[in-house]
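Trainee: all I have is the shape, not the residue letters:
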């Protein structure tokens, strides 16, 4: 796991924000030469592929300032300090959609942008959904619109790029694969 | 596409590096309240699912300083200014693996981390591979090891997390889906 290791000579912390940190590392390459690496530190996140009892996929539309547009994604959120990924997944699902679930199963974890960031996303499958009567409020600066779509509708939303997000594309492809394997 | 738009009041540029920029935006939420957004600007990237004439998947192992470990990914690289994504894909494939290809087809594009970054990855399928006699050198600070694996081997590498990267997991699942649909 340490093939071609890049040894840290010095780390300069440039920015420590609420969500990300940015540091620049001076490194030594395997051949002894020097280089710099710009690195984003992120707390990690969860994403939830939640299926209703009718087999519909729960999606949320929200504005993403980094993109200057709104996109449609599966529910997701950052890990909080001291909170495990499954607890985060249950909290985010309830906050963003009002759903609680009987079963929350880890499908996969992956780094989203290993070239410059350490963000690790845990992708869960949530089933046995029940809508709570009193919905928890999302974070106060978060506006999301809930929608529930069939797999066919989700595939169309990927084609027209209303869904344009790696974790959501992965989750929908996962469902396509499960369907193909059982037909 | 502008649902729940977050209007920019002010942008503070914190860092302008070789790979990423970091800015903090003061924004106005749809309800008139104020908030801050930490945003990473990235030039975008390509990733290439390259299949040899024997149907093996071309992978590269490299050290990822952000993760402090080496991981195995499909070949990938950043867009250069003025270079279109397909030209980038052909250049990166040749630089990292020595392969040129007859067919380079766009499968999908997606944002990798829309919560904090604007990185868009274009995923290509490369077929009709020929190994060049003289291999272009990768960037001088880039050390990569080439490997070629079957789909079954790639699936195992995902299970044991030697492959632990969203775009690569998506690409392998794409092949699993194509196989399931034709069996």
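Mentor: That came in fine, so what should we check first? Fair warning: this is a prediction, and the values are worked out from it, not measured in the lab.
Trainee: OK, contacts around residue A:44?
Mentor: A:78-79, A:85, A:119-122 (C-beta atoms under 8 Å, 6 or more residues apart in numbering or on different chains). From N, CA and C alone the C-beta is placed, and that goes for glycine too.
Trainee: could you count how many residues lie near residue A:67?
Mentor: As a burial measure, residue A:67 scores 18 neighbours (other C-beta atoms under 10 Å in any protein chain shown).
Trainee: measure how the helix ranked longest in chain A sits relative to helix B:166-182, angle-wise.
Mentor: Within chain A, and with DSSP state H defining each element, the longest helix by residue count is helix A:166-182. Relative orientation of helix A:166-182 versus helix B:166-182 (axes from the mean of the first three to the mean of the last three C-alpha atoms, to 10 degrees): 20 degrees.
Trainee: show me how the record splits chain A into domains.
Mentor: Per the record, chain A has its domains at A:7-41, A:45-109+A:123-182, by automatic domain parsing.
Trainee: just send those domains back as CSV, with distance to residue B:52 and mean pLDDT too.
Mentor: Shown next, in CSV, are those (distance: least, C-beta to C-beta, whole Å; pLDDT from 0 to 100):
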stretch, distance to residue B:52, mean pLDDT
domain A:7-41, 27, 97
domain A:45-109+A:123-182, 23, 94
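Trainee: tell me the centre residue of chain A?
Mentor: residue A:47 (4.3 Å; C-alpha atoms, centre = their mean).
Trainee: quick one on the thing from earlier: in helices, which of the contacts of residue A:44 fall?
Mentor: Per DSSP H, those map to helices at residue A:85.
Trainee: out of the contacts of residue A:44, which end up buried?
Mentor: A:78-79, A:85, A:119-122 (16 or more other C-beta atoms under 10 Å in any protein chain shown).
Trainee: just the closest of these to residue A:106, please.
Mentor: residue A:122 (6.2 Å; C-beta to C-beta).
Trainee: for the closest one, give the beta-bridge partners.
Mentor: Residue A:122 forms beta bridges with residue A:46, residue A:109, as assigned by DSSP bridges.
Trainee: pretty sure it is touching residue A:43, no?
Mentor: No: using C-beta atoms under 8 Å, residue A:122 is not in contact with residue A:43; the gap is 11.9 Å.
Trainee: burial count for the nearest residue in space to residue A:38 that is not next to it in sequence?
Mentor: Of all residues not flanking residue A:38 in the chain, residue B:17 sits nearest, at 4.4 Å (C-beta to C-beta, 6 or more residues apart in numbering or on different chains). Neighbourhood size, residue B:17 [other C-beta under 10 Å]: 15.
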